[in-house]
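Visitor: Here is the input, now give the coordinates:
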Amino acid sequence: HAGCVTSLAVSPDSMWVASGADDPTVILWDTADQSVVRKWEAGSDIVWYLEFSPDSQRLVCSGSKGRVVIWDVQQGDELGMLKGHTEAVHKAVWSPDGTKLASGSDDTTVRIWDAETYRQIYSLEGHSAIVTFIVFSPDSKLLASGGADYN
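Guide: This next block holds a predicted model:
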């Protein structure tokens, strides 16, 4: 990277590490030999968060300008974008069962997405300030969020 590293993720199968930076790039590393597998450009966004899908086949990247992109880890292809947030997205996470994604943003919304079509399923508007954290329950049935509104 040519800038500050802002996010790291390890794949569930431990084969890959992804690093994101404010330069703005994402690098995929092979854990067996520490080599660079590929490098993605993250547009003009600072990379805020990276997370591998439960099967280690996809990587979601959220950034400072509301861009959320999903890449195929093996092929390097962009598979889709989650379009809807109007400001920075601090977190974009996979449900443990791999069927959904959730994202939390400075626009005060939490959005839930279908993990195959990348279409929005729900937009939740309970926060009055930026959403800084989201997490699914282990059974993928519940989603919790926290934000700068102290909730």
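
Visitor: Quick check: buried residues in stretch 121-133?
Guide: Neighbour counts using 16 or more other C-beta atoms under 10 Å place Leu124, His127, Ile130, Val131, Thr132 of stretch 121-133 among the buried residues. All C-beta atoms are positioned from the backbone trio N, CA, C, and that covers glycine.

Visitor: so where is the chain shaky, pLDDT-wise?
Guide: For the chain, no stretch has pLDDT under 70.

Visitor: Next one: Val73 from Gly43, what distance?
Guide: Distance, Val73 to Gly43, using C-beta to C-beta, to the nearest Å: 19 Å.

Visitor: Which one's more surrounded, those two?
Guide: Neighbours were counted for Val73 and for Gly43 using other C-beta atoms under 10 Å; Val73 has more, 20 against 14.

Visitor: OK, contacts around the more buried one?
Guide: Counting by C-beta atoms under 8 Å, 6 or more residues apart in numbering, Val73 touches Ser11, Trp16, Leu28, Phe52, Ser56, Gln57, Arg58, Leu59.
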